[in-house]
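Engineer: how would this look folded up:
(4 chains)
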2 protein chains.
Amino acid sequence: MTRPQQTISEKTIERLSVYRRYLKELQKQGKERVYSHELSKLVSGTPAQVRRDLMPVGGNGCSSKGYEVNLLIEEIAKLLDCNDKQNIALIGAGNLGRALLGYLSGSRDNYDIVALFDNDPEKYGRVICGKRCYCIDQLAEKIKEYKITTAILAVPGEAAEATAEILIGTGIKAILNFAPKHITTSSTVFIETLDITKALEKAIYFSRKNT
Amino acid sequence: MTRPQQTISEKTIERLSVYRRYLKELQKQGKERVYSHELSKLVSGTPAQVRRDLMPVGGNGCSSKGYEVNLLIEEIAKLLDCNDKQNIALIGAGNLGRALLGYLSGSRDNYDIVALFDNDPEKYGRVICGKRCYCIDQLAEKIKEYKITTAILAVPGEAAEATAEILIGTGIKAILNFAPKHITTSSTVFIETLDITKALEKAIYFSRKNT
DNA sequence: CTAAAGTTGTGAAATCTTGCACAGCGTGAT
DNA sequence: ATCACGCTGTGCAAGATTTCACAACTTTAG
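Structural biologist: Residues are numbered from 1 along each chain as shown, chains lettered A, B, ... in the order given. Prediction:
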C-alpha cells in the first residue's frame, strides 16, 4: 500500500503546519488523541476539510477515537520535513531581519537559521543575535558550505530582486520574501512573499466593509 | 451608471494593493499609461485577471491605450481607502513590533500608526521610534480618542487571543495578526493572520519538492 | 477609406477548493 | 450479543477563482 504521492495543494501544506504546531501543544499537555473537529477550529475550517488534509499523511485516524497525537505529529513531520533539519539563511540584518532572527531562533527542531548576510560593513563580520553575519559576497560559498536550501529575504524593496537573483544563482530551492516586491523568475525556485503592506491595506479595506 | 458594488474577493483586494504600489512607482517615473499585461507580471497572473480585478474600480481602461496611471491610482484609492487616512494601533513593542513600526512608518498617505501599546512598564510611557507607547490598559480609551479602526497585533503567541479579545471589545474593525495563533471570534471583526512560521515551513516543504 | 494590429470588457469553460452526506467501523451501554 | 452513537474516509456536488476566447473599440498605416 504505497502512498499515492499526488501533489498536495499549498493550502493544505499551510494547514498541516498549523495543525502540527497545535498538536505539539497538545503533546506537551499530555493529550493523546484529537478529533478532526478540534483541529478544524484552528483554521476556521470544517472537520471534513481537516480529514481531507490528513489523507495524504497516511490515514491513521481511528473511528470514534480520532487521531493519535504522537503518531500524527510524526507523520506530518515525515511529509513536511522529511526528517531532515533544514539549514536556513537570512539575508538582510536590518530591523526586520533581526526581529525575524529573534522570532525564529529558539527551539525549532525542524529548521535552523545558520547564517546571516548583509552588505553593510557595519554588520558583516560580527555576530548578531548569536549568528555569524557574512557579507553578501559570500552567499554562494556559505550556502554550499552549510548546505542551505531555503533563504529568508528581508532586504529593502529596491534590493529584493537583485538579491533574489543572486540567491537563485546559488542553487537555492526556496525563498521566503518579506520585501514588498513580487519576485519573478523563470527557474523552479519556490518563492513565497509575505507582503506586509498588502496585508495591512487589505485589513484596512475590510475594516470599513464589515458593518 | 452607479457602481454595482458587488462584494469583491479578498484576493482581488490584495492584488489591487499591489497594483497600486507599482502604479505609484510608474507615476514617479512619469509614465502615463499602462497595459494589463504589464500589471499582470506583478502578481504572476494573466492580463485577463488584471482586467477582471480592475472591473470593480470602474472601467477606465481604454482600448489599445491601456489604463491611465493617475486615474487608476485615484480610483483604486477610492475603493481601498475611501479617501480617508486611517489611524492604526500597534500592539506589542517587542522586536517584531518595533521592526514593523520602522517598516511601516514613513511616507504613507493612506494610513498612519498613531499609537503603540505594551504591557511592559519598561516600555509604556516612553516614546519608541517616534511614537508614544501606552499601557495596554489604555487601549479602549486611546482607540476611541484616536478613532482607530485597525490594529496590528505583534504580541507573543500566548498573549494573542486575550489581547485580541480586548481589541474586539473596544469596537475595532480589523486586526492584522502576526502571532502564530489563529484567532477565532464570533464578531464580524476582520482578522488577517500573517503566520511567519507557517510560511517558512511551507517554503521548506517546497524547497524539496521543486526538482 | 479600409485594413491590420493590439487592447479592453466579459460570457463561458476550466480548474481548484471546500462542504455535504453517507457508508463503514470501533466503542460503550444495555 | 446487539444496538446506538460518534467518528473517519471519501464520492460527489457546490462554490470560488482563474483562464480562455472573442466581440467591440482605438489607433496607425497604407
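Engineer: look up how far DNA strand D lies from the closest residue to residue A:6 other than its chain neighbours.
Structural biologist: In space, residue A:6 comes closest to residue A:56 once its chain neighbours are excluded; the distance is 7.4 Å by C-beta to C-beta, 6 or more residues apart in numbering or on different chains. C-beta coordinates here come from the backbone N, C-alpha and C atoms, glycine included. Residue A:56 sits 9 Å away from DNA strand D, taking C-beta to the nearest atom of the strand, to the nearest Å as the criterion.
Engineer: quickly list the domain ranges of chain A.
Structural biologist: Using automatic domain parsing, the domain parsing of chain A gives A:10-80, A:86-198.
Engineer: for my notes, confirm the residue nearest to residue A:6 occurs in a helix.
Structural biologist: Yes. Per DSSP: H, G, I helix; E, B strand; the rest coil, residue A:56 lies within a helix segment.
Engineer: what's the residue most central in space within chain A in contact with, if anything?
Structural biologist: In chain A, the centroid-proximal residue (C-alpha atoms, centre = their mean) is residue A:176; its distance is 7.5 Å. Applying C-beta atoms under 8 Å, 6 or more residues apart in numbering or on different chains, we find residue A:176 in contact with A:150, A:151, A:152, A:153, A:192, A:194, B:199, B:200, B:203.
Engineer: now it: which helix or strand?
Structural biologist: Per DSSP states H and E: residue A:176 is located in strand A:174-177.
Engineer: show me what contacts residue A:195?
Structural biologist: A:180, B:14, B:18.
Engineer: next secondary structure after the helix or strand the second one falls within?
Structural biologist: Spelled out, that is residue B:14. Element membership of residue B:14 [criterion: DSSP H and E] is helix B:10-29. The C-terminal neighbour of helix B:10-29 among helices and strands, as given by DSSP H and E, is strand B:33-34.
Engineer: give me the residues contacting the helix or strand bottoming out on mean pLDDT in chain A.
Structural biologist: Across the helices and strands of chain A, mean confidence by mean pLDDT, DSSP states H and E is lowest for strand A:61-62: a mean of 82. Counting by C-beta under 8 Å, 6+ apart, strand A:61-62 makes contact with A:36, A:51, A:54, A:67, A:68, all of which sit outside it.
Engineer: show the subsequent helix or strand relative to it.
Structural biologist: Downstream of strand A:61-62 (by DSSP H and E), the next one is strand A:66-68.
Engineer: which residues touch that next one?
Structural biologist: A:32, A:33, A:34, A:35, A:36, A:38, A:54, A:60, A:61, A:62.
Engineer: still on that earlier bit, considering the contacts of residue A:176, which possesses the most neighbours?
Structural biologist: Counting neighbours by other C-beta atoms under 10 Å in any protein chain shown, residue A:151 comes out on top of these with 30 neighbours.
Engineer: from DNA strand D, how far out is that one?
Structural biologist: 26 Å.
Engineer: okay, and for chain A, where does confidence drop off?
Structural biologist: A:1-5, A:59, A:211 (pLDDT under 70).
Engineer: neighbouring contacts of the longest strand seen in it?
Structural biologist: Using DSSP state E to define each element, chain A has its longest strand at strand A:111-118. With C-beta under 8 Å, 6+ apart as the test, strand A:111-118 has contacts from A:81, A:85-94, A:97, A:101, A:104-105, A:124, A:128, A:131-136, A:138-139, A:142-143, A:146, A:148, A:150, A:152, B:200-201, B:204.
Engineer: in that strand, what counts as buried?
Structural biologist: A:111, A:113, A:114, A:115, A:116, A:117, A:118 (16 or more other C-beta atoms under 10 Å in any protein chain shown).
Engineer: run a quick neighbour tally on the closest residue to residue A:46 other than its chain neighbours.
Structural biologist: Distances taken as C-beta to C-beta, 6+ apart place residue A:40 nearest to residue A:46, at 5.7 Å, with adjacent residues excluded. Residue A:40: 19 surrounding residues under other C-beta under 10 Å.
Engineer: helix, strand, or coil at residue A:40?
Structural biologist: Going by three-state DSSP: residue A:40 is helix.
Engineer: report the contact partners of it.
Structural biologist: Neighbours of residue A:40 in contact, by C-beta under 8 Å, 6+ apart: A:46, A:47, A:49, A:50.
Engineer: swap in residue A:17?
Structural biologist: A:80, B:197, B:198, B:201, B:202 are the contacts of residue A:17 under C-beta under 8 Å, 6+ apart.
Engineer: cool, residue A:192 as well?
Structural biologist: With the criterion set at C-beta under 8 Å, 6+ apart, residue A:192 makes contact with A:174, A:175, A:176, A:177, B:199, B:202, B:203, B:206.
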